[in-house]
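**Q** sharing a sequence plus its predicted fold:
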Amino acid sequence: MTDLLDPILLARFQFAFTVSAHIIFPSFTIGLASYLAVLEGLWLWTKDEGYLKVFDYLKVIFAVTFGMGVVSGIVMSYQFGTNWSVFADKTGPVIGPLLGYEVLTAFFLEAGFLGIMLFGMNRVGPRLHFFATLMVAVGTLLSSFWILSANSWMQTPAGYGINDVGQYVPDDWWAVIFNPSFPYRLVHMVLAAYLTTAFVVGGIGAWHLLKNNRDRGARIMFSMAMWMALLVAPLQIVAGDFHGLNTLEHQPAKVAAMEGHYDTHRGAPLILFGIPDDDAEETRFAVEVPKLGSLILTHEWDGEVKGLKAWPKEDRPPAEIVFWSFRVMVALGLAMAAMGLWSGWKRLRGGLYDAPWLQRAAVLAGWITTEVGRQPWTVYGLLRTVDSAAPIDGAAIGASLISFIVVYFAVFGAGTFYLLRLMSHPPDAGVIDDIGPTRTAGLMPGPATGRRRAATEQGD
């Protein structure tokens with residue numbers, strides 16, 4: 001019972017629960033805001049009302065998701081002052097301004113133009129409305145910039161000093177913001193957000209294509225999503241490789257946990273599967289590929305890869321969690337790349353919209369690695385998690401944790417159910433006739449330019 005009421009364990013679980021619930025929403029809205037801007041830009045360029053119909057369909061989904069992301073983010077940030085007050089005190093001079101810049105630049109930009117994007121088309125005109133949509137998209141990207149900068153500083157702290165009361169204070173803001181892991185993590189996160197959006201939008205389109213493969217809006221969504229998967233998923237794999245090399249340089253213990261290596265090796269094998277055992281300091285039942293681990297991590301057949309035994313036990317991340325969360329992340333990335341290649345092959349053969357198994361796969365289709373791998377530190381190498389918590393009784397944290405779980409499942413469960421209801425309705429962008437042209441429901445067609453004819457015939 002004592003372990004169950006451990007305040008550090010409960011505080012960590014509470015933050016893990018809230019951040020896991022939160023990250024789903026911005027991961028979707030970052031990409032969806034950019035996609036909405038692309039849709040509106042295509043409508044202005046081609047005068048094809050199909051793009052506008054899909055824009056109107058998805059902007060409602062964006063609004064609901066954006067609202068849930070804001071609410072869950074506010075709740076998460078309160079925990080800095082409740083459960084992690086020591087962390088907030090010691091890192092506040094660095095983390096506080098970075099989060100403040102996120103509000104002043106990104107959130108104000110998003111909130112200022114969101115109302116125009118949602119309700120202003122008939123009030124401000126198409127071009128100014130497009131500018132508002134662009135500002136919302138820029139705001140979401142700026143938000144990821146500042147949040148990733150703050151989180152990356154916790155992973156690879158730089159540009160700081162320590163004042164007389166033990167606080168970390170900025171000495172060089174450029175070094176703080178553009179810390180060693182920030183560029184890699186920012187690219188990795190933004191690409192992940194775009195892929196998340198692609199597969200959600202593609203899943204919606206695929207669902208409606210399975211019911212009616214002549215649905216123009218579903219074709220637009222599915223085609224554009226599969227283009228994104230085909231082009232961006234391979235880029236994400238390359239970005240992940242660069243990120244891994246950076247992590248090996250600055251956080252080698254995390255890499256050792258990800259790879260399941262307890263002993264230091266030259267020519268280290270790649271452990272595909274196994275069961276890490278931190279107590280026994282070995283990965284049981286390991287399925288290995290000789291030397292491939294060193295080749296991937298160091299780009300040399302005989303490169304040295306440090307094992308977890310190179311660090312004291314109290315400085316090691318829990319390999320049992322990090323090992324498997326990393327493999328889930330890699331498997332999802334490879335599955336996305338495979339989906340993109342599959343869709344490209346079907347597109348070349350002219351059967352993108354007549355491939356029900358591809359569409360079913362699209363419907364079904366690492367924050368855990370990053371954050372658990374940083375343990376036992378909140379600020380890597382400087383401030384331990386156990387020294388960051390507030391002096392609060394475990395029972396109090398347990399009570400608030402139960403409250404969070406109940407409220408989150410009620411509120412966000414209802415919100416998710418509503419989103420699924422919205423997605424279940426077809427986008428209503430018209431249907432493709434056997435001879436090619438588009439019928440749009442209740443809309444006058446735009447000028448029949450060559451660009452529009454081509455877009456209509458392709459359905460994307």
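**A** Received it, and whenever you're ready, just let me know what you need. Note that the structure is a prediction, hence the values are computed from the model and not measured.
**Q** how about low-confidence regions in the chain?
**A** Where the chain drops to pLDDT under 70, the residues are 1-5, 347, 349-391, 393, 428-460.
**Q** host element of the residue nearest to the spatial centre of it?
**A** Nearest residue to the geometric centre of the chain (C-alpha atoms, centre = their mean): residue 27, 3.9 Å. Per DSSP states H and E: residue 27 is located in helix 7-46.
**Q** for that helix, buried residues please.
**A** Buried residues in helix 7-46, counted by 16 or more other C-beta atoms under 10 Å: 7, 10-12, 14-15, 18-19, 21-37, 39-40, 42-43, 46. Where you see a C-beta, it was placed from the backbone N, CA and C, and this is true even at glycine.
**Q** so the residue nearest to the centre of the chain makes contact with residue 198?
**A** No. Residue 27 is beyond contact range of residue 198, at 11.6 Å (criterion: C-beta atoms under 8 Å).
**Q** what are the phi and psi values for residue 275?
**A** Note on residue 275: its backbone torsions stand at phi -130, psi 100 [degrees, to the nearest 10].
**Q** pull the number of nearby residues for residue 425.
**A** If you count neighbours by other C-beta atoms under 10 Å, residue 425 ends up with 11.
**Q** what distance do you get for it to residue 60?
**A** Separation of residue 425 from residue 60 (C-beta to C-beta, to the nearest Å): 10 Å.
**Q** cool, and residue 320?
**A** From residue 320 to residue 60 the distance is 42 Å (C-beta to C-beta).
**Q** with residue 322 instead?
**A** With distances taken as C-beta to C-beta, residue 322 is found 38 Å from residue 60.
**Q** out of the two, which sits in the busier spot?
**A** Set residue 322 next to residue 60 and count neighbours by other C-beta under 10 Å: residue 322 wins out with 29 against 13.
**Q** need the nearest residue in space to the more buried one, chain neighbours excluded.
**A** residue 257 (4.1 Å; C-beta to C-beta, 6 or more residues apart in numbering).
**Q** what about the closest residue in space to residue 294 that isn't next to it in sequence, how many residues nearby?
**A** Closest residue to residue 294 apart from its sequence neighbours, by C-beta to C-beta, 6+ apart: residue 303 at 4.1 Å. For residue 303, the number of neighbouring residues by other C-beta under 10 Å comes to 18.
**Q** wait, residue 303 touches residue 295, no?
**A** Yes. Look at residue 303 against residue 295 with C-beta under 8 Å: they come within range, at 7.4 Å.
**Q** check contacts around residue 264.
**A** Taking C-beta atoms under 8 Å, 6 or more residues apart in numbering, we find residue 264 in contact with 304-307, 309-310.
**Q** how close does it get to residue 289?
**A** Taken as C-beta to C-beta, the span from residue 264 to residue 289 is 18 Å.
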